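Sharing a sequence plus its predicted fold:
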Amino acid sequence: MSEEQITQVLTGIANGFRNQLRSPILLIPADENLEFEDVTFSSQDGVPLEAWFIPKEGSDRLIIVNHLKGFNRYGLPSHLEPWKSMFSASGNDFEVNFIPDYKILHDAGYNVLTYDLRNHGHSSAGNGGIGSSGRFESRDVIGSLIYAKTRRELSGMTIGLFSQCLGCNSTIFAMSRHPEHLKDVHVRCLVGVQPLSPRFFLERQLDLIGVPADRIEELDRYIKLITSFDLHQLAPIQAAKSVTLPTLVYQVYDDVMTKPIDVQTIFDNMPARDKELFWVQGTTQRWDGYTYFQREPKVALDWFEKYMY
């Protein structure tokens, strides 16, 4: 690649933190014959968030689902353009549909609340549209907890968090910044799917498209000019030291979009007395981590069942 092309790539990636492409919501819970309610609530800082509430009659247990970057509460149509081209180099050019996840959780006895993070799906823009890898988005996690605790029919329910990638980072930052919301007696456990430090992801992204690895420092500067945060500040590694909830983390071990050491470090930093790290084997595709629950729900369901009594 020429210097001009490399600069275009680096600035394009950095601009993605400011002008993120929203993905469409192509399916709804009714497509899995689930009754649901369209609801809206405010983030901790007042950003309006759009959500689905899927009730389970007779249940006093609630799972709050926090999705990942670029996705929404439905998932991601990465089998369609432009998302297909965006992720084809890493082999992640197939659809991720989370609606079956909600069906599994519902049938296992849980109410489900799932929403679009700020700057995603139908939720409003926050912080001028800037993405912060979980720092600002942590306010959305807290908003969902406040909603669950103040809505009359949900207020007494035990709560489990099912948080993926950006959603997991956001949950970790929420525990670091406002632990009082996560230490509530009703919040029982976390299932964290593929938390991620942006530096590892971006290093692999540059490698996949043929940009020299040493240009990551230049990309770091571009990102700070846009977000005011450097890559170290955007990583959840230090914030993970505040995670005290019983926590299950799982990750595709050979994921071409990151390195195992990142998730291992995040996990090792968690002081939770009850925690477990599970590696998904036999694939290099990150999306297989996001669809793992549909194929093998027992790992996560057993964790929720153990702590949500």
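Right, received. Where do you want to start?

Quick one: the strands in this structure, in order.
For the chain, strands defined by DSSP state E occupy the ranges 37-42, 48-54, 61-66, 75-76, 96-97, 111-115, 158-164, 187-193, 247-252, 275-280.

any chance of these in CSV, with distance to residue 145, mean pLDDT and mean neighbour count too?
For the C-beta atoms, the positions are set from N, CA and C on the backbone; glycine is no exception. Below are the strands of the chain laid out as CSV (distance: least, CB to CB, whole Å; pLDDT from 0 to 100; neighbours: other CB atoms under 10 Å):
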stretch, distance to residue 145, mean pLDDT, mean neighbour count
strand 37-42, 10, 98, 14
strand 48-54, 12, 98, 21
strand 61-66, 7, 98, 25
strand 75-76, 23, 98, 24
strand 96-97, 25, 98, 22
strand 111-115, 10, 98, 26
strand 158-164, 7, 98, 25
strand 187-193, 7, 98, 24
strand 247-252, 16, 98, 24
strand 275-280, 20, 98, 17
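
Quick one, which of those gets closest to residue 302.
strand 247-252 (8.8 Å; CB to CB).

mind saving the C-alpha coords of the closest one as PDB?
Output of strand 247-252 as PDB, limited to C-alpha atoms (Å, rounded to 0.1, in the frame of the first residue of the first chain):
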ATOM      1  CA  THR A 247     -18.600 -13.800  36.300                       C
ATOM      2  CA  LEU A 248     -18.400 -16.300  33.400                       C
ATOM      3  CA  VAL A 249     -16.300 -15.100  30.400                       C
ATOM      4  CA  TYR A 250     -16.100 -17.000  27.100                       C
ATOM      5  CA  GLN A 251     -14.100 -16.300  24.000                       C
ATOM      6  CA  VAL A 252     -13.100 -17.900  20.700                       C
END
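
List of residues touching that strand?
With contact meaning CB atoms under 8 Å, 6 or more residues apart in numbering, strand 247-252 is reached by 168, 189-195, 260, 263, 266-267, 270, 272, 274-280, 283-286, 288-289, 292, 299-300, 303.

now do 6 Å
190-192, 194, 263, 267, 270, 272, 275-278, 280, 283, 286, 288-289, 303 (CB atoms under 6 Å, 6 or more residues apart in numbering).

just stretch 127-143 next, same as before
Contacts for stretch 127-143 (CB under 6 Å, 6+ apart): 17-18, 20, 41-45, 49, 66, 117-119, 169-171, 173-174, 177-178, 181, 198, 227, 234.

PyMOL command for the buried members of the residues you listed?
Selection of buried members from the contacts of stretch 127-143 for PyMOL, criterion 16 or more other CB atoms under 10 Å:
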select buried, resi 17+18+20+41+43+44+49+66+117+118+119+169+170+171+173+174+177+178+181+198+227+234
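
which ones among the contacts of stretch 127-143 are found in helices?
Applying DSSP state H to the contacts of stretch 127-143, the entries found in helices are 169, 170, 171, 173, 174, 177, 181, 198, 227, 234.

which residues does the closest residue to the third one other than its chain neighbours contact?
Of all residues beyond its chain neighbours, the one nearest residue 171 is residue 163 (4.2 Å), with distances taken as CB to CB, 6 or more residues apart in numbering. Contact analysis of residue 163 by CB under 6 Å, 6+ apart lists 66, 171, 192.

Report the contact partners of the residue nearest to the first one when sequence neighbours are not counted.
With CB to CB, 6+ apart as the measure, residue 167 is the residue that lies nearest to residue 66, at 2.9 Å, once sequence neighbours are left out. Contacts here follow CB under 6 Å, 6+ apart; on that basis residue 167 touches 66, 67, 68.
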